[in-house]
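S.K.: make a model of this:
(one chain, ligands or ions: 1)
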Amino acid sequence: MSSNANIKYILEHKDIVESHIQKHKATWQPLAGDQTQQQPEDVPINVFIRVRPLLQHDHDAGSYSLVEVQDQRLIHVTHPTIRWAGGRIATKTYDADGIYPDTASSDDVYNGMNITREITQVLHEHGRELSILAYGQTGTGKTFTTTAIEERVASEAFDHAMPDYVVNITLSILEIRGSASYDLLSEPALQPVKISAASGKAQYQGLSVHDVASKEALLNLVQKGKSLRLTRSTSKNDTSSRSHSIVSIKICQRREGFPDLVSAINIVDLAGSERSSIIANNSPERVKESIDTNKSLAALKECIRARLSNRHSHIPWRSDKLTMALKGAFDEKKTSNKLLVIACISPSVLDIEDSLNTLKYVTPFQLSAAHAVDAIIRQRDFSSVDDPRKWSYEKSKAYIARNMPKISSLTDRLLPTPTSGIASLFPLTAPEFEQLCETPAPREAAAPDARTVAAARAWLPAYHKKLQDLAAKGLALDRARTEGKGPGSRVVARASAGVTQGRATKGSVIAALNGIDPTANETGFVLRLAADGKEWDKLERLEKANQVM
Ligand SMILES: Nc1ncnc2c1ncn2[C@@H]1O[C@H](COP(=O)(O)OP(=O)(O)OP(=O)(O)O)[C@@H](O)[C@H]1O
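M.R.: Numbers count the residues shown, from 1 in each chain. Next up, the predicted model:
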């Protein structure tokens, strides 16, 4: 089923989805006290997640939130999907070093990310580099978040400098647009910058460096430079930044008789990631831009992964301009350098695929030993009163039949003797067990009532019309392709005959929908909707009883 059709269905069935979310909430397991703590300081990367509020365009579309923040380490994202075979609602849990719900202020985020602590360390150690990187789909709050971070970093870079040292701060802002790079502070504006890799680091040709004497001067320049970033209107954001911007603040501290302390802070507002299905509907220029963006985000991921692996893997930082510019963040030799990644996500139904993609991208950047989700699975014991391992044979069998229809045919193998309980399911891992439990129960048969019959009668003409169009289109397509001799033509002809003679059955509809007509998914969705999603079986019985045909 197409993604739009899926979303439409989810929007229209908010009650079902919200009831699933409530049920899932009842199963939340709190983290043990020590697991709620921030990760230790001495890891090279920390990952944070910020959820933006629903925006006006979400409300206008009737959207709602599928994201629940449990606490500062755990977030749950519900993902309903609709297929011909039925709907499925699953909730996935992710963890991070800090998670900020839509109610969190930018100060909450800044404090939670411990940026003040990191800046103090940067200012006290020669050669240390801090990189703060905002990642996420377009329109999720990366610029909103990095702008607030820049404001506070601008003050703290001055405020937390070493006492008795003379402080000299410089600023440069680089913009990377696909394969080209520009100086956002040059005069005249937007001069190209050549980035190359030499002597183990990025070299810039044409990037201007500006002295800043105060917090205000620094912020003015940042605002001026970032206002020149390439923006376009996208479906999610009227002023979407279509480039990566890297604000680099270098701090040089001098004191007579002491070695100089030179350190750096990079604040990176990445271009929004986009899914290929969205990219495909755009102009060739936009398509290329998005492909370049996605390529550089993929290169970034490779470098971060390589940095985290314990195998001293080769770090492919030369593979892209972005990774060259952020080399310090992956430099294994500079163990005190730190990368803070903040993933920005939207809670809206409209964006759920992208939000999941963002979480899938960033959460592996944590060191797995400290993963809170792993910890929960480890700590979970099934010793509560309702411990499934202690269920009787009957209770276990009934549970499988009710909640796990996909494996109910295996019940005899799972529960081979009357003394076996659901514990026979183990050694399924806890997540596998949960996954199975999430499979929706089969629909219950109920006699069609008068309202159902009336509803079915009301939509039936539209249903027939749709099928006729579909069959005609399918036939034409097939004729053109096979001159009426291909195997598909017989299926279409049968479906078509069924339709035109008013004998459409569920089988002929599915035959017509499956693989013959390019719009089959959408049409299938219309039919499902017309049948109110749950009414298909009832309808079939009505058809059989000739009540509506
Ligand atoms: N936490 C938040 N609270 C209130 N509004 C927010 C929040 N996060 C984002 N917004 C609003 O959402 C819109 C999009 O935010 P922003 O431009 O920062 O997104 P972005 O991720 O940088 O997008 P792009 O990648 O397209 O540039 C803006 O109108 C912004 O004000």
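S.K.: closest residue of the stretch 301-450 of the chain to the ligand?
M.R.: At 5.5 Å from the ligand, Cys344 is the closest residue in the stretch 301-450 of the chain, using CB to the nearest ligand atom. To be clear about C-beta, it is placed using only N, CA and C from the backbone, and glycine gets the same treatment.
S.K.: check the secondary structure at that residue for me.
M.R.: Secondary structure, DSSP: H, G, I helix; E, B strand; the rest coil: Cys344 is strand.
S.K.: compute the number of surrounding residues for it.
M.R.: Using other CB atoms under 10 Å, Cys344 has 27 other residues around it.
S.K.: please name the residues that touch it.
M.R.: Cys344 is in contact with 49-50, 52, 134-137, 140-142, 144-145, 358, counting by CB atoms under 8 Å, 6 or more residues apart in numbering.
S.K.: got it, and Val67?
M.R.: Residues in contact with Val67 (CB under 8 Å, 6+ apart) are 51, 75-78, 345, 347, 355.
S.K.: again, only using 6 Å
M.R.: Neighbour list for Val67: 51, 77, 347 [criterion: CB atoms under 6 Å, 6 or more residues apart in numbering].
S.K.: surely Val262 and Cys252 touch.
M.R.: Yes - if you go by CB atoms under 6 Å, Val262 and Cys252 touch, sitting 4.9 Å apart.
S.K.: where in the stretch 201-350 of the chain is pLDDT low?
M.R.: Within the stretch 201-350 of the chain, the segments meeting pLDDT under 70 span 231-240, 274-282, 310-312.
S.K.: okay, strands next: where are they in it?
M.R.: Applying DSSP state E, counting those that start in this stretch to the stretch 201-350 of the chain gives strands spanning 201-205, 210-212, 231-232, 240-241, 244-254, 261-269, 338-345.
S.K.: could you identify which of those is most buried?
M.R.: Greatest average neighbour count among the strands of the stretch 201-350 of the chain goes to strand 338-345 (a mean of 25), per mean count of other CB atoms under 10 Å.
S.K.: so Ser19, which state does it fall into?
M.R.: With three-state DSSP as the basis, Ser19 sits in helix.
S.K.: measure it to Asp102 for me?
M.R.: Separation of Ser19 from Asp102 (CB to CB, to the nearest Å) stands at 21 Å.
S.K.: who has more neighbours, the two?
M.R.: More neighbours surround Asp102 than the other of Ser19 and Asp102, with 16 against 12 (other CB under 10 Å).
S.K.: how about the more buried one: what's its closest non-neighbour residue?
M.R.: Closest residue to Asp102 apart from its sequence neighbours, by CB to CB, 6 or more residues apart in numbering: Pro53 at 4.0 Å.
S.K.: same question, Arg177
M.R.: Per CB to CB, 6+ apart, closest to Arg177 is Ser243, 4.2 Å.
S.K.: ok so, going back, burial measure for the residue nearest to Asp102, as a count.
M.R.: Using other CB under 10 Å, Pro53 has 14 neighbouring residues.
S.K.: now do the helices in the stretch 201-350 of the chain.
M.R.: Chain-ordered helices for the stretch 201-350 of the chain, with DSSP state H, counting those that start in this stretch as the definition, fall at 215-226, 276-279, 284-308, 321-325, 327-330.
S.K.: output those as JSON lines; include the columns distance to the ligand.
M.R.: Below are these laid out as JSON lines (distance: least, CB to the nearest ligand atom, whole Å):
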{"stretch": "helix 215-226", "distance to the ligand": "11"}
{"stretch": "helix 276-279", "distance to the ligand": "12"}
{"stretch": "helix 284-308", "distance to the ligand": "9"}
{"stretch": "helix 321-325", "distance to the ligand": "15"}
{"stretch": "helix 327-330", "distance to the ligand": "20"}
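S.K.: pipe these into JSON lines and attach mean neighbour count per row.
M.R.: Formatted as JSON lines, these follow (neighbours: other CB atoms under 10 Å):
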{"stretch": "helix 215-226", "mean neighbour count": "18"}
{"stretch": "helix 276-279", "mean neighbour count": "14"}
{"stretch": "helix 284-308", "mean neighbour count": "18"}
{"stretch": "helix 321-325", "mean neighbour count": "24"}
{"stretch": "helix 327-330", "mean neighbour count": "23"}
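S.K.: between those helices, which gets nearest to Asp60?
M.R.: Closest approach to Asp60 among these is made by helix 276-279 (18.9 Å; CB to CB).
S.K.: which stretches of the stretch 51-200 of the chain form helices?
M.R.: 56-60, 106-112, 115-124, 142-159.
S.K.: need the residues of the protein near the ligand, please.
M.R.: The chain comes close to the ligand at residues 52-53, 55, 136, 138-144, 234, 237, 240-241, 272, 344, as judged by CB under 6 Å from any ligand atom.
S.K.: repeat the analysis, applying 8 Å as the threshold.
M.R.: By CB under 8 Å from any ligand atom, the residues of the chain that approach the ligand are 50-53, 55, 102, 104, 106, 134, 136-147, 231, 234, 236-242, 269-272, 344.
S.K.: for the buried ones among these, write the corresponding ChimeraX selection.
M.R.: The buried residues among these can be selected in ChimeraX (16 or more other CB atoms under 10 Å) with this line:
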select :50,51,52,55,102,104,106,134,136,137,138,139,140,141,142,143,145,146,147,231,234,236,237,240,241,242,269,270,271,272,344
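S.K.: sorry, back to before: any chance of the strands of the stretch 201-350 of the chain in TSV with distance to Lys397 as columns?
M.R.: Below are the strands of the stretch 201-350 of the chain laid out as TSV (distance: least, CB to CB, whole Å):
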stretch	distance to Lys397
strand 201-205	64
strand 210-212	72
strand 231-232	58
strand 240-241	54
strand 244-254	57
strand 261-269	55
strand 338-345	41
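S.K.: which one of the ones you listed lies closest to Leu11?
M.R.: Closest approach to Leu11 among the strands of the stretch 201-350 of the chain is made by strand 338-345 (18.6 Å; CB to CB).
S.K.: tilt between that closest one and helix 115-124?
M.R.: Orientation note: strand 338-345 sits at an angle of 150 degrees relative to helix 115-124 (axes from the mean of the first three to the mean of the last three CA atoms, to 10 degrees).
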